[in-house]
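J.: the following comprises the amino acid sequence and a computationally predicted model.
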Amino acid sequence: MSFFEKHVFVCCNQRAEGETCCNNHGSSELMAYMKDRVKALGLAGEGKVRINKAGCLGRCDDGPVMVAYPQETWYTFVDRDDIDEIVDEHLQHNRIVERLKL
């Protein structure tokens, strides 16, 4: 059994100036918002949800990106509304957000 029910890795990689990367699209700020939202909803902790910062996930051209396990679902996102939808639908209700899925 996994320590967490769901484990989300958000790419916050920062590449050299002029190179495509998730952090150029605000992924670090959006990851911090996601962590705060998950905690506020009581979803964080052992046996629940964990949000982690990740280095490059290898999908820079699709960025910003995250991957949620154990479902192995890849998402792209651009703003807090997208994060809210992923938290509400995927993390709370186990429903894949098809419009954001990669």
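T.: Okay, I see it.

J.: tell me how far the ends of stretch 15-34 are from each other?
T.: 22 Å (C-alpha to C-alpha, to the nearest Å).

J.: buried sites along that stretch?
T.: 21, 22, 23, 24, 25, 26, 27, 28, 30, 31, 33, 34 (16 or more other C-beta atoms under 10 Å). All C-beta spots, glycine's among them, are computed from the backbone N, C-alpha and C.

J.: stretch 77-88 too?
T.: Buried-residue list, stretch 77-88, by 16+ other C-beta under 10 Å: 77, 82, 83, 85, 86, 87.

J.: list just the nearest of the residues you listed to residue 43.
T.: residue 87 (7.6 Å; C-beta to C-beta).

J.: is it correct that that closest one falls within a strand?
T.: No: looking at residue 87 with DSSP: H, G, I helix; E, B strand; the rest coil, it is helix, so not inside a strand.

J.: tell me who's in contact with the nearest residue to residue 44 once chain neighbours are set aside.
T.: Spatially, and ignoring its direct neighbours in sequence, residue 44 is nearest to residue 38 (4.9 Å; C-beta to C-beta, 6 or more residues apart in numbering). Counting by C-beta atoms under 8 Å, 6 or more residues apart in numbering, residue 38 makes contact with 44, 49, 51, 87, 91.

J.: any idea how many residues pack against the closest residue to the last one other than its chain neighbours?
T.: With C-beta to C-beta, 6+ apart as the measure, residue 49 is the residue that lies nearest to residue 91, at 5.4 Å, once sequence neighbours are left out. A total of 23 residues lie near residue 49 under the criterion other C-beta atoms under 10 Å.

J.: touching, residue 49 and residue 2? I think so.
T.: No: the criterion here is C-beta atoms under 8 Å, and residue 49 misses it with residue 2 at 11.3 Å.
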